[in-house]
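*Asks:* heads up, no residue letters with this:
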């Protein structure tokens, strides 16, 4: 189990869904490892200390979400949180019907779980289309949730792949009128932008805000009826329990990124604006996502006559790591269902997501190497001068 | 999120299923955190390094299990691994029938998943009784797996609650003759005793051998047909992926404990023998579990006229942490199904599990305070002199 050390001058701009740990998250993890390593379900002093750390973590996350502590649960990952939330909420409403209404650009985990939940209760998944910016058609979603037989609706807070913020307030008003619970996937948002109260269930991703992987967050308002699935288990949201140090580090990391969110917002938004404006000058490129209503740290663009994987490798060789293709599914090689639903180029796609360590120098490095990398990939495909 | 520091002279003897991290596991975790924090599914250098660490971890675990690397998967916890293994293997054999044969002293996760898997395929869970030592009746299990309509059998390698080793070789020979795959829960064994090759699927628990929680291990021989359940996911065994640092630390920790297993075996076995012999002199006690065919580090006893929770609290106040009741289910307050199946006292139960840091002094501390603690609990219940 050997490993190579990274190039000292590497620029890493692929921090969406998996960022380096925030220094305070790391410190919290090590503290909790010394102090909260025991099983929080045990009654002795060590167990009670672990339980206290876990309770403190729930309380801190609840404060950021605007939820009550008992409404917050930890899951084993963001994907697992989304699966459980969709299945448990749809099962809890199965008397109302089996349909699950989703935007077409939800994360694969939501789309798959919505399909399964609908199938289990004799309903169907209803996909609501999006505009070319990636923003869901709020009118169409309002209409869809008002139809009879809808168990649950799901709308992401922002699309992590293209950065577009969704009209969750409008859609939540519509679901509330229809008496349908709304699941908001805040996996790309929480820690970066204000979430607001427009949700009935919400899931968020510690790995995205610079905290440990292997832990997810899900909250459900007390009024939402949930029927968790799976073998009878006292911890249906995280069978076997989550790592206490990981949950504690997730909470401390969230507090840390929320504390400097405004300053980071302005700084990263300026860098993203610079990237979007400069990349737009490359020939045959489409800068995608809403130009204004967007996450502060994500930029996405698609190049005509370019293979995304080849471009990623070319940039990697030049010392710059970016994301490509479908950032929200496991394989980077499948064409993105998000870009397809938006009606933009699904190939030749690059996404960057800046974290708190990203500097102006990093962004300038990307902008310096990108045009040449695109040209080399196009040359290799024999499309120069098309 | 404040916390208190532990008493410096605490003795912690409740290390079954959740032990302090081995120093090498901790070092490996921090190394992988610096080097393998990225998403292993990404194609850039950082992603490839994370993927290499994960592959190395699988390879190291495979070497200890006697499996091929590609047969090993990481799950989100030992419980999740057992759920997935039972459900996927039973679904893979649904044409053969729906029955799932288990010993009556399997972990709650196995019992629940076996119930669900059988129900899903029109079968039933068949519970095979155990002797008073906790050892399954190998003849009855042989008979049960030879019946028509059996999809899967499950037998733990050792019972973590009472330490008794199970006749997995005999039972595996019987399941092999019947063409039924055998799932072996090695969650209390791996790292402590030699596992051997008598399994078709095996699950093990890093948190038990002094490695991170939030990660489980499951391996299935290539010949076992598996149909994983749950929303379509490229990682059905760990939706969303496991923490690479946690998986890497699990593997390094396993290598470390296997390396000094023989020395640790003799040392801890002597301590356990001393505990079992001394505790047997307390009035009205039953020392449970097989006296010889047992794990080297676990000792369990039940006191007549004693409430287990009260005894645990009394010992905790005296600075000694022990386990109590049903160590394999989430709540320590429910009576143990394992002890009930064995036909021994289900109340007034204490389990100790020694880790590598447990000293002779620790054990002597327990033995010094235990008789007085038992007496105080009996006094409080008014049963002195019964």
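*Replies:* Good, I have the coordinates. Quick caveat: nothing in here was measured; it's all calculated off a predicted structure. Residues are numbered from 1 along each chain as shown, chains lettered A, B, ... in the order given.

*Asks:* Could you list the buried residues of the helix or strand encompassing residue A:246?
*Replies:* For residue A:246, the host element (DSSP states H and E) is helix A:244-259. For helix A:244-259, the neighbour count (16 or more other CB atoms under 10 Å in any protein chain shown) marks A:244-258 as buried. All C-beta atoms are positioned from the backbone trio N, CA, C, and that covers glycine.

*Asks:* ditto for stretch A:55-69
*Replies:* Going by neighbour count (16+ other CB under 10 Å), the buried part of stretch A:55-69 is A:56-58, A:60-65, A:67.

*Asks:* Closest to chain B out of these?
*Replies:* Nearest to chain B among those is residue A:56, at 3.7 Å by CB to the nearest CB.

*Asks:* hmm, the helix holding residue A:246 in reach of chain B?
*Replies:* Yes. Against chain B, helix A:244-259 shows contacts by CB under 8 Å from any CB of the partner chain at A:244-246, A:248, A:251-252.

*Asks:* And for stretch A:308-323?
*Replies:* Yes. With CB under 8 Å from any CB as the measure, stretch A:308-323 is seen reaching chain B through A:309, A:312-313, A:315-316, A:321-323.

*Asks:* Run through the residues of the stretch 151-300 of chain A sitting next to chain B.
*Replies:* A:212-216, A:230-235, A:238-246, A:248, A:251-252.

*Asks:* Which of the residues you listed are buried, as a PyMOL select command?
*Replies:* Those of these that count as buried under 16+ other CB under 10 Å are selected in PyMOL with:
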select buried, chain A and resi 212+213+214+215+216+230+231+233+235+238+239+240+241+242+243+244+245+246+248+251+252
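
*Asks:* where do the helices sit along the stretch 101-250 of chain A?
*Replies:* Under the criterion DSSP state H, counting those that start in this stretch, helices of the stretch 101-250 of chain A are mapped to A:108-120, A:138-146, A:168-178, A:244-259.

*Asks:* would you turn those helices into JSON lines with distance to residue B:194 and mean pLDDT?
*Replies:* Below are the helices of the stretch 101-250 of chain A laid out as JSON lines (distance: least, CB to CB, whole Å; pLDDT from 0 to 100):
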{"stretch": "helix A:108-120", "distance to residue B:194": "40", "mean pLDDT": "96"}
{"stretch": "helix A:138-146", "distance to residue B:194": "58", "mean pLDDT": "98"}
{"stretch": "helix A:168-178", "distance to residue B:194": "55", "mean pLDDT": "98"}
{"stretch": "helix A:244-259", "distance to residue B:194": "31", "mean pLDDT": "98"}
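
*Asks:* in the stretch 51-200 of chain A, which spans are strands?
*Replies:* A:72-75, A:99-103, A:125-128, A:150-154, A:182-185 (DSSP state E, counting those that start in this stretch).

*Asks:* Can you list the low-confidence ranges for the stretch 101-250 of chain A?
*Replies:* Along the stretch 101-250 of chain A, segments meeting pLDDT under 70 span A:230-232.

*Asks:* can you list the domains in chain A?
*Replies:* A:11-20+A:261-380, A:23-258 (automatic domain parsing).

*Asks:* Could you identify which of these is most buried?
*Replies:* domain A:23-258 (a mean of 23; mean count of other CB atoms under 10 Å in any protein chain shown).

*Asks:* distance between the ends of that one?
*Replies:* Counting by CA to CA, to the nearest Å, you get 14 Å between the two ends of domain A:23-258.

*Asks:* do stretch A:92-105 as well
*Replies:* Start-to-end, stretch A:92-105 (CA to CA) is 24 Å.

*Asks:* hmm, back to that, distance between the helix holding residue A:246 and the chain's centre?
*Replies:* Distance of helix A:244-259 from the chain centroid (CA atoms, centre = their mean, to the nearest Å) equals 16 Å.

*Asks:* Then stretch A:341-359?
*Replies:* Taking CA atoms, centre = their mean, one finds the center of stretch A:341-359 at 13 Å from the center of the full chain.

*Asks:* Are that stretch and chain B in contact anywhere?
*Replies:* No. Stretch A:341-359 stays clear of chain B (CB under 8 Å from any CB), getting no nearer than 11.0 Å.

*Asks:* my read: residue A:77 touches residue A:217, true?
*Replies:* No. Using CB atoms under 8 Å, residue A:77 is not in contact with residue A:217; the gap is 10.3 Å.

*Asks:* So which of the residues of helix A:244-259 next to chain B is the closest to residue B:71?
*Replies:* Using CB to CB, residue A:246 comes nearest to residue B:71 of the residues of helix A:244-259 next to chain B, at 26.9 Å.

*Asks:* Can you name the residues that contact that closest one?
*Replies:* When contacts are counted by CB atoms under 8 Å, 6 or more residues apart in numbering or on different chains, residue A:246 touches A:29, A:206, A:211-212, A:214-215, B:213-214, B:243, B:246.

*Asks:* Recalculate using a threshold of 7 Å.
*Replies:* Residue A:246 makes contact with A:29, A:212, A:214-215, B:214, according to CB atoms under 7 Å, 6 or more residues apart in numbering or on different chains.

*Asks:* what does residue A:71 give?
*Replies:* A:62, A:219-222.
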